[in-house]
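[1] below are the sequence and a predicted model for it; my questions follow.
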Amino acid sequence: MAPVPQAPRDSHRHFPPNSRQNNLDSPALDLTLCFQFNPGPWPFHFTLTPLMKNNPVGWFEIYVPDLSRARAFYERVLDTTLSPLPTPMPGLEMAAFPMDHTEPGAAGALVQMPGKDSGIGGTIIYFKCDDCAVESARVAPAGGQVVREKFSIGDYGHIALVTDPDGNMFGLHSME
């Protein structure tokens, strides 16, 4: 085996922005680690394959009893403007936080819905899926519970609502 050149102790390896090593959207990330061990650095090569793509949370909802009051609060605190969001269900009102689907991070909205409490447990995150029925089918065998099977939310795709074994509700979202 050829000797590995010794790098300065505090050096960091930098990769060009479009290199394979820096592509966070690639299905596998190649990482090379060098540990300081007598008599010198030893290279260890391994591949990490993420179980999910980056940014698995695709949407969040904050449930509120008074949409106007909540909207005014979040607009003031965050110095932003929320927009009304059309909803496919009667009695449901939503105000969306600013969103840009070309940027990283999750979008979300304030939601006023009869029968859904606010406060502790009043927030739901949605994990992105190719088909939320597939992940929903895995919930009960894993110890959770399906609260509502896959259903359409109009132009926004489909969701399923489920709980984990501890009773925490979360959503699964897919366009299919």
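    Sure, I can see it.
[2] elements contacting the top helix by length along the chain?
    Ranked by residue count and defined by DSSP state H, the top helix of the chain is helix 67-78. Using 3 or more C-beta pairs under 8 Å, 6 or more residues apart in numbering; DSSP states H and E as the contact definition, the elements that helix 67-78 packs against are strand 93-96, strand 107-112. In this view, the C-beta of every residue, glycine as well, is placed from N, C-alpha and C.
[3] now for the next helix or strand after that helix, which elements pack on it?
    The helix or strand immediately downstream of helix 67-78 is strand 83-85, counting by DSSP states H and E. Applying 3+ C-beta pairs under 8 Å, 6+ apart, we find strand 83-85 packed against strand 93-96.
[4] buried deepest among the helices and strands packed on helix 67-78, which one?
    strand 107-112 (a mean of 21; mean count of other C-beta atoms under 10 Å).
[5] any low-confidence regions in this protein?
    1-55 (pLDDT under 70).
[6] all helices of it, in order?
    For the chain, applying DSSP H gives helices covering 67-78, 132-139.
[7] indicate which one of the ones you listed is closest to T102.
    The closest of the helices of the chain to T102 is helix 67-78. By C-beta to C-beta, the value is 20.6 Å.
[8] identify the residues contacting the closest one?
    Around helix 67-78, the neighbours that count as contacts under C-beta atoms under 8 Å, 6 or more residues apart in numbering are 62, 64, 80-82, 93-95, 97, 110-112.
[9] can you give me the angle it makes with strand 107-112?
    Helix 67-78 and strand 107-112 are oriented at 140 degrees to each other (axes from the mean of the first three to the mean of the last three C-alpha atoms, to 10 degrees).
[10] returning to what we had before: can you lay out the helices of the chain as TSV showing mean neighbour count and distance to I125?
    Listed next are the helices of the chain as TSV, based on neighbours: other C-beta atoms under 10 Å; distance: least, C-beta to C-beta, whole Å:
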stretch	mean neighbour count	distance to I125
helix 67-78	14	17
helix 132-139	18	14
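[11] now distance to I120 too, for those, in JSON lines please.
    What follows is these, written out as JSON lines (distance: least, C-beta to C-beta, whole Å):
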{"stretch": "helix 67-78", "distance to I120": "16"}
{"stretch": "helix 132-139", "distance to I120": "22"}
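[12] number of residues surrounding the closest residue to M94 other than its chain neighbours?
    Spatial nearest neighbour of M94, excluding adjacent residues (C-beta to C-beta, 6 or more residues apart in numbering): L85 at 4.0 Å. By the criterion of other C-beta atoms under 10 Å, L85 has 16 neighbours.
[13] same question for A142.
    10.
[14] swap in the one 3 residues further on?
    Per other C-beta under 10 Å, the neighbour tally for Q145 reads 13.
[15] just list whatever residues bridge to it.
    Counting by DSSP bridges, Q145 forms beta bridges with T163.
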